[in-house]
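**Student:** attaching a predicted model along with its sequence, questions to come.
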Amino acid sequence: MIRKSIVGTALIAAMLVATPALAGWKLVPAGQPVAVAKSGMTVTPDGDWNRWTARPIKTSEVWTLDGTSLNELYFVGGLADGGTLFRDIAKKARPLPKFSKTMLLPDVVEFFETSTRTALGTSLFEVGGVEPDKMGGHDAVRFSFTYTVEGDQLPRKGIAKAAIVGGQLYLVSFVAPSIHYFDRDASRVNRLLDTLTI
Amino acid sequence: MTARMRRLLLAVSLLLPVPAVAAPYEPQDSDERGLWMQMNEVERKLQTSEFVIRDPELNAYVRGVLCRSVGEDECGAARIYIMRTPYFNASMAPNGMMQVWSGLLLRMENEAQLASVLGHEFAHYKEQHSLRLFRDIRGKTNAAAWLGFIPFGFVAQLGIGMSMFSFNREMERDADAKSIDYLVKGGYDPAAATRIWSRLRDEMDATAAERKTKSRKDKNGGIFATHPPSAERVDTLKALAAAQTGTARDLGTERYRAALAPFWADFFDDQAKLNDFGASEFLLKQLAESGWTAELLFARGELHRRRAQAGDFGTATGFYRDAIAAGGEMPAIWRGLGLSLMRSGDADAGRAELREYLRRAPDASDRAMITTLAGESK
């Protein structure tokens, strides 16, 4: 079993734990603000998405267009001090880094990188451009990244946007194979990231 | 045979390099042929993997070390793949595919230690330990488990897949003993092997101390499932080495450092980003045994800044300043210094250092973000 995506990993773990026996996918209709990740975060998609009814971590949510290995949108809303970005499934051998409320925005980018490298056990992860942005009036960071998971021949590309508001982390990341899928959906996702509010 | 299989086999045969030895060993029966077919498939994927480090000098160096210990007439059987994977591991599959992970190269102190690990893996290959195990598993378990037997795969398989596959104690002892013979044959210090495992145990203690957990050094499982660094093993290796008298004692420390010099910063960076402060600090101190260079001081600053516990930003600031004093010129030193100062409450001084970073790295990929953070110069 090769873990290709971060949330896919959590998804497998969740299934092993057997909680979301009834987990499934629900349609997210286009054109209206949707509250995401059990937090004060909202987003307004301009096309239909599918939302997974299970949550990798408590305040998170997963959306996809064609399935998570082809496109995966991961929302984390209001991650508190000491929380991990993904489900800490290998806590003993390979614990994930913990969020700190004193992080600066460049630190959040590093936090995302270390969390992903540790979760996927990969060395091929690179952060691309890191730029200032706004999330519902709050200072935010938007960055791009690429990674490859060992044993999987498909390099992946991603974009993410994050802000720290009231000492809590709000982060949305998008990952897709760099072949075809990322380029096909990047502008749609960038538009979606522009609609984020907290 | 279906057309698809024929195409597959053709593809495999086209991709596999021509073995360097004149009369290569061929699988003898259906069990062995089956095992080889699986390994060839794994190798076919490996050949196009982005994780393979293709640097010709590093590859020639590692091959040279293997050849010196196991002998020029034997080493041609190995096709070496150096993998950019930050864990301690090496393996050699029955078809001759040998993997050496960057995390292993980071942890070796000298050429003799590398020779001992390569010799150990080569011994498993030479004695056909995998084949014996394969037959064993096939005899005992059902077809599904049999299909899951691909021991020489990837990190992702370390979890579930590897637990099924570990050489038994007798095989490990056998390979250990042979690796000592290889060290002697190559003129290397036979005591080198002992130190690898005792240091690995120390590293695991360092990880545990930092995480305030119990050391996993005596646990057989996970990453070290195939090679538990047990105390017994260290003692056995020590005794085996001590029995060798009047042999050469070459360690090749300088040669090893020179060969790894262009790579250690990247390899260490991979390690440092795995959220394991204890092990990372332990390894950094090892790298600094012959002195703290600007690069090492910078790496130490980064390690503390990333850990971000009480006092870490002050400590990090000190290491960044030491790195500058030691002649360090990498712009990232000022980035780390600036961010550390800002987080330790000295925002103005931090912003000034970030502006210095931007001055030194005008094309930095995070220029826009850092510019916003640094604000206007006053």
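**Tutor:** Ah, there it is. Numbers count the residues shown, from 1 in each chain, chains lettered A, B, ... in the order given.

**Student:** can you name the next helix or strand after the helix or strand of chain B with the lowest mean pLDDT?
**Tutor:** The weakest-scoring helix or strand in chain B, judged by mean pLDDT, DSSP states H and E, is helix B:160-164 (a mean of 33). Going down the chain from helix B:160-164, the next helix or strand is helix B:169-185, by DSSP states H and E.

**Student:** helices or strands up against that following helix?
**Tutor:** Counting contacts by 3 or more Cβ pairs under 8 Å, 6 or more residues apart in numbering or on different chains; DSSP states H and E, helix B:169-185 is packed against helix B:56-70, helix B:111-126, helix B:129-140, helix B:192-211, helix B:231-242. Yep, even glycine has a C-beta here, placed from its N, CA and C like the rest.

**Student:** what angle sits between the second one and helix B:192-211?
**Tutor:** Put plainly, it is helix B:111-126. Orientation of helix B:111-126 against helix B:192-211 (axes from the mean of the first three to the mean of the last three Cα atoms, to 10 degrees) gives an angle of 100 degrees.

**Student:** looking at this, residue B:297 is in a helix?
**Tutor:** Yes - Residue B:297: assigned to a helix according to DSSP: H, G, I helix; E, B strand; the rest coil.

**Student:** number of residues surrounding the nearest residue to it once chain neighbours are set aside?
**Tutor:** Distances taken as Cβ to Cβ, 6 or more residues apart in numbering or on different chains place residue B:323 nearest to residue B:297, at 3.8 Å, with adjacent residues excluded. By the measure other Cβ atoms under 10 Å in any protein chain shown, the count of residues near residue B:323 is 28.

**Student:** let me see the contact set for residue B:323.
**Tutor:** Neighbour list for residue B:323: B:294, B:295, B:297, B:298, B:301, B:333 [criterion: Cβ atoms under 8 Å, 6 or more residues apart in numbering or on different chains].

**Student:** closest to chain A among these?
**Tutor:** Set against chain A, the nearest of those by Cβ to the nearest Cβ is residue B:301 (13.6 Å).

**Student:** show me what contacts the closest residue to the closest one other than its chain neighbours?
**Tutor:** The shortest distance from residue B:301 to any non-neighbouring residue, by Cβ to Cβ, 6+ apart, is to residue B:319 (3.6 Å). Counting by Cβ under 8 Å, 6+ apart, residue B:319 makes contact with B:297, B:298, B:300, B:301, B:304.

**Student:** run through the bridge partners of residue B:250.
**Tutor:** When assigned by DSSP bridges, residue B:250 has beta-bridge partners residue B:188.

**Student:** the residue nearest the centre of chain A: what secondary structure?
**Tutor:** The centre of chain A sits closest to residue A:74, judged by Cα atoms, centre = their mean, with a distance of 3.0 Å. Three-state call for residue A:74 (three-state DSSP): strand.

**Student:** wait, it touches residue A:161, no?
**Tutor:** No - under the criterion of Cβ atoms under 8 Å, residue A:74 makes no contact with residue A:161, lying 11.4 Å away.

**Student:** who touches both of the two?
**Tutor:** Shared contacts of residue A:74 and residue A:161 (Cβ under 8 Å, 6+ apart): A:171, A:172.

**Student:** where does residue B:34 land on pLDDT?
**Tutor:** pLDDT for residue B:34: 80.

**Student:** tell me, how many residues neighbour it?
**Tutor:** A total of 15 residues lie near residue B:34 under the criterion other Cβ under 10 Å.
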